[in-house]
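K.L.:
Any chance you could fold what I've pasted below:
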Amino acid sequence: MKKKSWIFSFQVAAVYVGTVVGAGFATGREIVEFFTKYGVFGLAGILLAGFLFISLGTKMLILSKRINAASYQDLMTFLFGRKFGGFVNLFMLTILLGLTSIMLSGAGAIFYEQLNLSVRIGVIITILLTIGVMYFGVNGLFSVNIIVVPMLILFSTILAVRSFSLEPFYNIPSEPTSSYKWMLSAFSYAAFNLTMAAAVLVPLAKEIQDEKVLKRGGFLGGLLLTIVLISSHLALSTLPNLNQFEIPMAEVMKTTFYAIYFIYIAVIYGEVFTSVIGNLFGLEKQILSYIKLPRMIIVIAILSAAAFISKFGYSSLISLLYPIFGYICLGVLALLIVKKVPRK
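P.N.:
Alright, predicted model coming up:
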């Protein structure tokens, strides 16, 4: 029984990591923007963000379980109150739909750039795979992440070790190290990702009966995220002219370990895929709280809307809303810190 409990803990950790690690993380673009450009201070930022992922990710799981939250709507209402919680939930619903659209568009781009196939073919294949996984509910979410997440951790670690042994560290901070921007960047990164992860972690917590599983899963998930961040940061720091690359991790892979370059591209697609599933899982739970329809009808409707939006380049709207959303995320982080977890 204890062995089974640990298996469930690793599954929770895998879902946690798979939800946070999206296409931007896997390609290295997010890591450059939030951490690597600060050089050694970026490493300090990663340790700070890692501490927040471990402590507040675990607290979010336990808090969601204690208040019997069915979706992130219930958690936001608990944190912000009914009046402001409704606004935050509506905003998150919009952002989740936007992120799902961007991930679908990213999947199409991978098919186009790497396989010389149509963007639409990539989007359609991803939608069909997503419907298949969502049909199995939370078990489908577990199954995908339990495969993709270990692969990402393995490749990130191999790449970091190989880069560290073969190349000097080229990266020079592009930001003044005397400032404290690296600290704000770490808080912003953790705030954004924890807020978005709530869409998956909150309904997941309701599915798990044992709080010990949630505590171990939150700790392991946060720890694994920290390890992957450090590994990726070390690998990226060996790349000269870092800021000129759109997919810097692929460039590091190509120059240091070309033998598994195409396998890593497959891992990037896997991360895009898990992001689509994670966002869709949260959206479905949220919409079900408003509309009582068969869940697969809701899933297909969301995917249809996301596919339509992805055709028109929704990323421009996301980039417009991102600064505002960032402030809301910092508010979520602050409230997660100060709010007490109710007793059992």
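
K.L.:
any weak-confidence spans in the stretch 201-344 of the chain?
P.N.:
Applying pLDDT under 70 to the stretch 201-344 of the chain flags the ranges 242-247, 312-325.

K.L.:
Setting aside sequence neighbours, what's the nearest residue to S64?
P.N.:
In space, not counting the residues next to it along the chain, S64 is nearest to A205; the distance is 4.0 Å by CB to CB, 6 or more residues apart in numbering. (Each C-beta comes from the backbone N, C-alpha and C, glycine too.)

K.L.:
Just give the number of residues close to that neighbour.
P.N.:
Other residues near A205 come to 27 when the count uses other CB atoms under 10 Å.

K.L.:
Find the helix or strand that it is a member of.
P.N.:
Assigned by DSSP states H and E, A205 falls within helix 181-207.

K.L.:
Next SSE downstream of that helix?
P.N.:
Scanning forward in sequence from helix 181-207 by DSSP H and E, the next helix or strand is helix 211-236.

K.L.:
which of the residues in that following helix are buried?
P.N.:
213-222, 224-236 (16 or more other CB atoms under 10 Å).

K.L.:
now swap in stretch 78-89 and tell me
P.N.:
Residues 78-80, 85, 88-89 are the ones in stretch 78-89 that count as buried (16+ other CB under 10 Å).

K.L.:
In a markdown table: those residues, plus secondary structure.
P.N.:
Formatted as a markdown table, these follow (DSSP: H, G, I helix; E, B strand; the rest coil):
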| residue | secondary structure |
| --- | --- |
| F78 | helix |
| L79 | helix |
| F80 | helix |
| G85 | helix |
| V88 | helix |
| N89 | helix |
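
K.L.:
residues contacting I291?
P.N.:
I291 makes contact with I298, according to CB atoms under 8 Å, 6 or more residues apart in numbering.

K.L.:
got the phi/psi numbers for it?
P.N.:
When read as degrees, to the nearest 10, the backbone of I291 gives phi -120, psi 130.

K.L.:
And it, how far from I302?
P.N.:
12 Å (CB to CB, to the nearest Å).

K.L.:
and what of I95?
P.N.:
Using CB to CB, one gets 14 Å for the distance from I95 to I302.

K.L.:
tell me the pLDDT at the residue nearest to V20 when sequence neighbours are not counted?
P.N.:
What sits nearest to V20 in space, not counting adjacent residues and going by CB to CB, 6+ apart, is N193, at 4.7 Å. N193 is assigned a predicted lDDT (pLDDT) of 87.

K.L.:
Which parts of this protein are strands?
P.N.:
Assigned by DSSP state E, the chain shows no strands.

K.L.:
thought L201 was touching I62?
P.N.:
No: here L201 does not reach I62: they are 10.6 Å apart, not a contact under CB atoms under 8 Å.

K.L.:
what about those two, which has more around it?
P.N.:
Neighbour count, other CB under 10 Å: between L201 and I62, L201 has more, with 29 against 17.
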